[in-house]
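Student: can you look at this prediction? I've put the sequence above it.
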Amino acid sequence: MAAPAHMGRPMGADGDRTRRRIKAAAMKHIADVGYANATMKAIAREAQLTSAAIYHYFPSKESLVVATLASVQDELIGRLQEAAERATTLIDRLTAILEEALACVEDYPSVTRFEASISYETSRHPDLSALRSRRREAEETLYGRLVSDAVADGELLPEVDEQSLVDVILSISSGLVYLSATSVPERHRSAVRAFEAILATGLPVADK
């Protein structure tokens, strides 16, 4: 995530790499100061680029934030989906998702604070609102599929209310994201471990 020390567009760097560099700087800066206080000039300093280089790729702060949010959400959701496929039972799949979420936060320490800052702007920016809705729908689809698979495989009791269970998982997941954005990493990690312990003993699993 660190940018080279010199200013301006890096010699020989392709456009995609420069865009990633700008997005990384935008995510960190907005996580630190909030969307309203963020400026393209400050983001350029964070990226160690000139303001002209920033505007070459993104004509406005909103376009940069929309692109940054879209990129980070696509990557995170993709990683969670891949993690779910590395296990077979519902408990193991949910645990794999939690562990991958921790890894995402380690890779992008600013991501939850960035997303939290953006959440306050959705009423004024339809594109940001649409992206947050897409994120929620993707997560609900993922958890819904895992719960449905568990019922079909006989892992969960057939009479379980699938939507209610998905809603509980989504609510806890959202709470963990909020905790990550507002507390220290150790507290967030401890909460994840506590949820994993609950998963191991507290779901309405069928007797085998």
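Tutor: Okay, I see it. This is a predicted model, so every value here is computed, not measured. Numbering: from 1, shown residues only.
Student: burial check on Ala53, number of neighbours?
Tutor: 18 (other Cβ atoms under 10 Å). C-beta: built from backbone N, CA, C; applies to glycine.
Student: show me the contacts for the closest residue in space to Cys104 that isn't next to it in sequence.
Tutor: Nearest residue to Cys104, sequence neighbours excluded (Cβ to Cβ, 6 or more residues apart in numbering): Leu76, at 5.3 Å. The contact partners of Leu76, by Cβ atoms under 8 Å, 6 or more residues apart in numbering, come to 101, 104, 111.
Student: local confidence estimate at the second one?
Tutor: If you check Cys104, the pLDDT there is 95.
Student: again with Ser148
Tutor: 96.
Student: do Ala3 as well
Tutor: Confidence score, pLDDT, at Ala3: 40.
Student: and what of Arg9?
Tutor: Looking at Arg9, its pLDDT reads 44.
Student: again with Thr122
Tutor: So, for Thr122, pLDDT stands at 80.
Student: next one: the one 5 residues further on
Tutor: Note on Asp127: pLDDT of 90.
Student: what count of nearby residues applies to Ser164?
Tutor: Close neighbours of Ser164, defined as other Cβ under 10 Å, add up to 10.
Student: and Tyr108, how far from Ile97?
Tutor: Using Cβ to Cβ, to the nearest Å, Tyr108 is found at 16 Å from Ile97.
Student: circling back: show me which residues of whatever helix or strand the residue nearest to Cys104 lives in are buried.
Tutor: In the assignment (DSSP states H and E), Leu76 maps to helix 61-84. By neighbour count on 16 or more other Cβ atoms under 10 Å, the buried set for helix 61-84 is 61, 64-70, 72-73, 76-77, 79-81, 83-84.
Student: do the same with stretch 106-118
Tutor: 108, 110-118.
Student: between the residues you listed, which sits nearest Leu90?
Tutor: Thr112 (24.9 Å; Cβ to Cβ).
Student: go ahead and confirm that closest one touches Ser180.
Tutor: Yes. If you go by Cβ atoms under 8 Å, Thr112 and Ser180 touch, sitting 4.1 Å apart.
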